[in-house]
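Peer 1: Sequence first, predicted coordinates after that:
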Amino acid sequence: MGNSYTTHDRLNNTSASFKPYSFSEGNYRRAYKGRYEMAELDEVVGKSCVVKLAIDGGGSDQQQQRKKSKGGKKVVAKIAVGAGGVMKDLNEVAVGAARDIIKGGRGLGEIMDEVRSGRDWKTSMMLEDVVVSSVASQLSSEFNKRKDGSSDGVKRPLLFNVPRILHVSTKSFWLRASVGDVCVVEDYIEGQYERYVSNNGTLLFHGTLSSFCHFTYHESGGRLLVVDIQGVRGEERYELTDPAIHTSGSGRVFGSLDLGDKGISAFFLTHECTGLCRGLRKPKAALERINSKEKIMMKNGTFDPTAARRPSRLKSGGGGMGEKKGR
């Protein structure tokens with residue numbers, strides 16, 4: 001992939017400014033469009049980005065924003081600079097955890113418990129975002145090398161945004177966050193935003209992206225499945241953001257979006273293998289435990305293992321909000 005424009009490390013020593021008016025919001029996160037003001041690479045400065053903040057819920061600050069659309073100064077979020085800076089440490093924790101997850105040898109729950117240990121829920125949520133995206137990014141790098149036996153293999157590579165952890169460094173009356181609160185920043189993806197593979201197994205695309213999900217299950221030894229594949233299909237590559245992970249077992253290792261074995265089974269009951277799936281394992285035992293009613297619901301896209309709507313995970317891509325929104 002070379003020096004991509006959406007890797008984690010290129011956002012070292014980053015700061016970003018944004019107006020305190022969210023363009024996308026959900027139960028637990030709010031997203032703001034901004035611009036990079038500082039970064040190690042000059043090519044980054046001035047480009048559009050998305051800043052995401054964890055929120056306590058209990059009302060929308062957009063109601064106030066509509067009344068005061070011109071009010072509110074820019075807010076700055078930046079990474080702590082210098083060796084041993086707090087934000088630097090958090091980024092290293094998240095990316096290191098992703099490496100441990102892919103490498104195997106330790107339980108996924110154990111790894112994520114260490115990530116969250118001693119941290120407030122907002123920081124834990126932002127760390128989880130980076131871990132999940134980093135796992136997807138590292139696995140996609142391997143998938144992009146895959147051949148299907150009849151052609152050149154992956155024709156349009158997958159590239160996942162991996163957010164960088166920053167902290168709010170200026171105060172704003174209009175922003176429901178305090179100085180020092182942790183947030184994440186990632187590139188703003190230009191283009192037509194689409195959702196290709198949902199969180200509950202519904203497949204809107206049966207080609208390369210669905211095969212990537214299958215690959216993540218195989219490559220992880222059946223321990224996890226990357227889903228919720230969404231972003232923009234460009235001329236040369238897919239630019240993707242904000243995936244989710246189901247883990248083998250009862251799930252919840254990665255929060256409410258982790259639907260465990262039933263989430264994995266829901267995917268495989270609708271997945272159609274391509275040449276890129278040649279030789280990849282399937283979760284036979286988990287599929288056998290699904291009853292006939294659940295199988296029908298999974299196949300027609302109405303299955304909901306949680307019996308509740310998933311909380312919004314805000315996007316760096318555009319569209320309506322609801323559960324999914326915005327670029």
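Peer 2: Everything's here; your move.

Peer 1: Show me where this protein dips below the pLDDT cut-off.
Peer 2: 1-12, 39-41, 57-72, 79-88, 148-153, 201, 205-206, 285-327 (pLDDT under 70).

Peer 1: K33 falls within a strand, correct?
Peer 2: Yes. The assignment for K33 is a strand, going by DSSP: H, G, I helix; E, B strand; the rest coil.

Peer 1: Next, work out how far apart the closest residue in space to it that isn't next to it in sequence and G34 are.
Peer 2: What sits nearest to K33 in space, not counting adjacent residues and going by C-beta to C-beta, 6 or more residues apart in numbering, is F23, at 5.5 Å. C-beta coordinates here come from the backbone N, C-alpha and C atoms, glycine included. Applying C-beta to C-beta, to the nearest Å, the value for F23 to G34 is 10 Å.

Peer 1: And these two? Which one has more around it.
Peer 2: Between F23 and G34, G34 has the larger neighbour count (other C-beta atoms under 10 Å), namely 21 against 18.

Peer 1: From the centroid of this protein, which residue is nearest?
Peer 2: In the chain, the residue lying closest to the centroid (C-alpha atoms, centre = their mean) is D242, at 2.2 Å.

Peer 1: pretty sure that one is in contact with D228, am I right?
Peer 2: Yes. Here D242 reaches D228: they are 6.9 Å apart, a contact under C-beta atoms under 8 Å.

Peer 1: residue ranges of the helices in this protein, please?
Peer 2: 62-67, 86-103, 108-116, 121-143, 208-219, 260-270, 284-288, 292-299 (DSSP state H).

Peer 1: residues touching K122, list them.
Peer 2: Contact analysis of K122 by C-beta atoms under 8 Å, 6 or more residues apart in numbering lists A54, D181, V182.

Peer 1: got the residue ranges for the strands in the stretch 201-327 of the chain?
Peer 2: 224-227, 229-233, 238-240, 244-247 (DSSP state E, counting those that start in this stretch).

Peer 1: how about these in TSV, adding mean neighbour count and distance to N199?
Peer 2: Formatted as TSV, these follow (neighbours: other C-beta atoms under 10 Å; distance: least, C-beta to C-beta, whole Å):
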stretch	mean neighbour count	distance to N199
strand 224-227	28	6
strand 229-233	24	10
strand 238-240	25	14
strand 244-247	26	5
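
Peer 1: now these in CSV, with distance to V168?
Peer 2: Output for the strands of the stretch 201-327 of the chain, formatted as CSV (distance: least, C-beta to C-beta, whole Å):
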stretch, distance to V168
strand 224-227, 30
strand 229-233, 26
strand 238-240, 26
strand 244-247, 26
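
Peer 1: Just tell me which of those ends up closest to G191.
Peer 2: strand 229-233 (3.7 Å; C-beta to C-beta).

Peer 1: Which strands and helices lie in contact with the closest one?
Peer 2: strand 193-197, helix 208-219, strand 238-240 (3 or more C-beta pairs under 8 Å, 6 or more residues apart in numbering; DSSP states H and E).

Peer 1: so which of the ones you listed is the most packed in?
Peer 2: Each of the helices and strands packed on strand 229-233 was given a mean neighbour count from mean count of other C-beta atoms under 10 Å, and the largest, a mean of 25, is that of strand 238-240.

Peer 1: Quick check: neighbours of that one in the sheet, parallel or antiparallel?
Peer 2: Strand 238-240 has the following strand partners under DSSP bridges: strand 158-160 (parallel), strand 229-233 (antiparallel).

Peer 1: Dump those to CSV, plus distance to P283.
Peer 2: As requested, those are exported to CSV (distance: least, C-beta to C-beta, whole Å):
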stretch, distance to P283
strand 158-160, 22
strand 229-233, 18
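
Peer 1: List of residues touching stretch 200-212?
Peer 2: For stretch 200-212, using C-beta under 8 Å, 6+ apart, the contacting residues are 139-140, 143, 154-156, 158, 194-198, 226-227, 229, 238, 259, 263, 265-267, 269-274, 276-277, 298, 301, 303-305.

Peer 1: If any of those are buried, put those into a PyMOL selection.
Peer 2: A single PyMOL command selects the buried members of these (16 or more other C-beta atoms under 10 Å):
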select buried, resi 139+140+143+154+158+194+195+196+197+198+226+227+229+238+259+263+265+266+267+269+270+271+276+277+298+303+305
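
Peer 1: ok, G221 touching G104?
Peer 2: Yes. If you go by C-beta under 8 Å, G221 and G104 touch, sitting 6.1 Å apart.

Peer 1: quick revisit: any residues in contact with both of F23 and G34?
Peer 2: Joint contacts of F23 and G34 (C-beta under 8 Å, 6+ apart) do not exist.
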